[in-house]
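Asker: missing the sequence, but the structure's below:
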């Protein structure tokens with residue numbers, strides 16, 4: 001019987017669509033990310049489920065719109081320490097364990113501060129990292145001035161730069177489980193603030209979280225150091241897989257949880273993190289599997305973070321239970337067979353703004369209403385709602401119907 005493929009999911013935090021060289025970036029050196037794209041499949045139209053962290057991670061884990069999980073906004077260190085992803089949800093780790101996968105997450109969780117929400121209770125055999133939205137890369141103090149570095153369900157300090165620690169634990173996990181199928185979720189903090197390079201001192205201490213963004217004045221330079229450190233980390237992971245002879249048996253997917261903040265680049269896109277403009281949620285997305293994916297493939301099919309759970313289940317030869325209300329679709333036929341996806345409408349909702357995407361058409365309902373044809377206007381520069389009134393009304397009605405349906409029984413986070 002053929003061995004089930006290993007799975008490595010690498011998630012960047014607040015990385016811009018235009019940061020990596022393979023997406024047109026000129027300001028950073030990202031050879032490892034670029035190599036994954038050159039030897040794999042690069043999405044030009046991949047999106048996070050939300051323009052901020054926690055909701056996207058909820059969708060990633062569950063394969064459904066984050067509203068179904070009650071995680072529509074950021075679970076902040078200051079205001080939401082009692083909130084988290086309910087254990088009633090079935091995660092991709094839960095599913096993969098039924099197929100005898102060893103599962104681990106190293107890095108950022110951001111789906112609940114209390115131990116009862118810990119990844120160890122959500123399908124992961126191992127967890128080392130932090131549960132908040134961001135920590136000092138060196139002292140591991142969160143944005144509220146609280147220590148935040150865990151080994152499973154215990155708060156256990158560990159010295160080191162967070163990117164390096166995530167990587168070292170990932171390498172150890174791969175070595176230990178090289179002879180059986182594994183799923184490794186590497187949830188990097190990079191390049192989320194505070195802006196700290198590997199050689200910078202710690203900025204935060206217990207009870208003193210300021211400055212939130214870090215002390216570095218040259219944030220562009222710090223961002224570069226952070227990104228290049230993560231890129232080196234990815235190279236180390238790939239080299240480890242190759243050294244063990246597992247390259248053809250390992251599927252790797254790389255993406256970001258939302259658009260960038262200050263120093264990050266969005267290339268041609270409008271808006272940044274927290275916005276429903278393309279720059280808030282169109283992100284890098286790269287699939288790499290040397291034995292199955294044709295090198296240098298580029299697809300303009302539209303996909304979301306929530307599509308990863310059904311895709312990972314498919315990789316493992318699983319059919320998710322029909323009781324799961326999955327909104328995502330299996331991307332494996334697209335990735336391996338280059339089969340186009342069926343047409344579908346996709347939705348975003350964050351705070352008071354909503355958006356719908358149908359083919360190249362995108363409608364945003366916010367303080368005002370905007371309609372764009374993204375094939376012709378990826379930068380969302382020209383609102384054509386008056387020219388396309390009937391199409392706008394049709395999309396608006398579909399968006400309103402989805403919003404009402406998805407809100408049934410859901411307590412929205414303020």
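Answerer: Looks like it came in fine. Only a predicted model underlies this, so the values are computations on that prediction, with no experimental measurement involved.

Asker: Which residue lies nearest the spatial centre of the protein?
Answerer: The residue lying closest to the centre of the chain (CA atoms, centre = their mean) is residue 257, at 3.1 Å.

Asker: OK, contacts around the closest residue to that one other than its chain neighbours?
Answerer: Excluding its sequence neighbours, the residue lying closest to residue 257 (CB to CB, 6 or more residues apart in numbering) is residue 56, at 4.5 Å. (Each C-beta comes from the backbone N, C-alpha and C, glycine too.) Residue 56 sits next to 48, 49, 50, 66, 257, 258, 305 when contact means CB atoms under 8 Å, 6 or more residues apart in numbering.

Asker: between those residues, which is closest to residue 106?
Answerer: Using CB to CB, residue 257 comes nearest to residue 106 of the contacts of residue 56, at 15.4 Å.

Asker: Make sure residue 344 is actually in contact with residue 327.
Answerer: No: if you go by CB atoms under 8 Å, residue 344 and residue 327 don't touch, sitting 9.4 Å apart.

Asker: Which of these two has more residues huddled nearby?
Answerer: Taking other CB atoms under 10 Å, residue 344 and residue 327 do not tie; residue 327 has more neighbours (23 against 12).

Asker: Which parts of the protein belong to which domain?
Answerer: 6-342, 347-407 (automatic domain parsing).

Asker: Tell me how far the shortest one lies from the chain's centre.
Answerer: Remark: domain 347-407 is offset 23 Å from the chain centroid, using CA atoms, centre = their mean, to the nearest Å.

Asker: what mean pLDDT does it have?
Answerer: Averaged across domain 347-407, the pLDDT comes to 97.

Asker: and if you look at stretch 216-229?
Answerer: pLDDT averaged over stretch 216-229 gives 97.

Asker: and what of stretch 99-118?
Answerer: 97.

Asker: secondary structure element for residue 225?
Answerer: helix 219-243 (DSSP states H and E).

Asker: Flag every buried residue along stretch 368-384.
Answerer: Buried residues in stretch 368-384, defined by neighbour count with 16 or more other CB atoms under 10 Å: 370, 371, 372, 373, 374, 377, 378, 379, 380, 383, 384.

Asker: Which members of those are positioned in strands?
Answerer: Among the buried residues of stretch 368-384, the subset assigned to strands under DSSP state E consists of 370, 371, 372, 373.

Asker: Just put these in JSON lines and tack on distance to residue 61.
Answerer: Formatted as JSON lines, those follow (distance: CB to CB, whole Å):
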{"residue": "370", "distance to residue 61": "31"}
{"residue": "371", "distance to residue 61": "32"}
{"residue": "372", "distance to residue 61": "30"}
{"residue": "373", "distance to residue 61": "33"}
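
Asker: just for the chain, where's the confidence low?
Answerer: Counting by pLDDT under 70, the chain shows low-confidence ranges at 1, 408-414.

Asker: circling back: just checking, the residue nearest to the centre of the chain touches residue 57?
Answerer: Yes: assessed by CB under 8 Å, residue 257 is found in contact with residue 57 at 6.4 Å.

Asker: circling back to that earlier point, looking at the domains of the chain, which is buried most?
Answerer: Greatest average neighbour count among the domains of the chain goes to domain 6-342 (a mean of 21), per mean count of other CB atoms under 10 Å.

Asker: So for it, first residue to last residue, what's the gap.
Answerer: In domain 6-342, first residue to last residue: 27 Å (CA to CA, to the nearest Å).

Asker: Also stretch 103-122?
Answerer: With CA to CA, one end of stretch 103-122 sits 10 Å from the other.

Asker: how much distance is there from it to the middle of the chain?
Answerer: A distance of 15 Å separates the centroid of the chain from that of stretch 103-122, by CA atoms, centre = their mean.

Asker: In what element of secondary structure is residue 127 found?
Answerer: Residue 127 is part of strand 126-130, with elements assigned from DSSP H and E.

Asker: what's downstream of that strand, the next helix or strand?
Answerer: strand 150-151.

Asker: can you list contacts of that following strand?
Answerer: With CB under 8 Å, 6+ apart as the criterion, strand 150-151 contacts 118, 127, 128, 129, 130, 131, 156, 158.

Asker: try stretch 211-218
Answerer: With CB under 8 Å, 6+ apart, stretch 211-218 has contacts from 143, 193, 194, 195, 196, 197, 200, 203, 219, 222.

Asker: so of those residues, which ones are in helices?
Answerer: Of the positions in the contacts of stretch 211-218, 219, 222 sit in helices, assigned by DSSP state H.

Asker: that older thread, what pairs with the strand holding residue 127, parallel or antiparallel?
Answerer: strand 102-108 (parallel), strand 150-151 (antiparallel) (DSSP bridges).

Asker: can you list these in CSV and add distance to residue 89?
Answerer: As requested, the strands paired with strand 126-130 are exported to CSV (distance: least, CB to CB, whole Å):
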stretch, distance to residue 89
strand 102-108, 15
strand 150-151, 20
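
Asker: Need phi/psi at the residue nearest to residue 257.
Answerer: Main-chain dihedrals, residue 56, degrees, to the nearest 10: phi -60, psi -40.

Asker: Look up how far residue 93 lies from it.
Answerer: 17 Å (CB to CB, to the nearest Å).

Asker: Equivalent analysis for residue 169, please.
Answerer: Counting by CB to CB, the gap from residue 169 to residue 93 is 16 Å.

Asker: now swap in residue 403 and tell me
Answerer: 29 Å.

Asker: Could you tell me the angle between the helix or strand hosting residue 397 and strand 369-373?
Answerer: Taking DSSP H and E as the definition, residue 397 sits inside helix 389-407. Interaxial angle, helix 389-407 versus strand 369-373 (axes from the mean of the first three to the mean of the last three CA atoms, to 10 degrees): 110 degrees.
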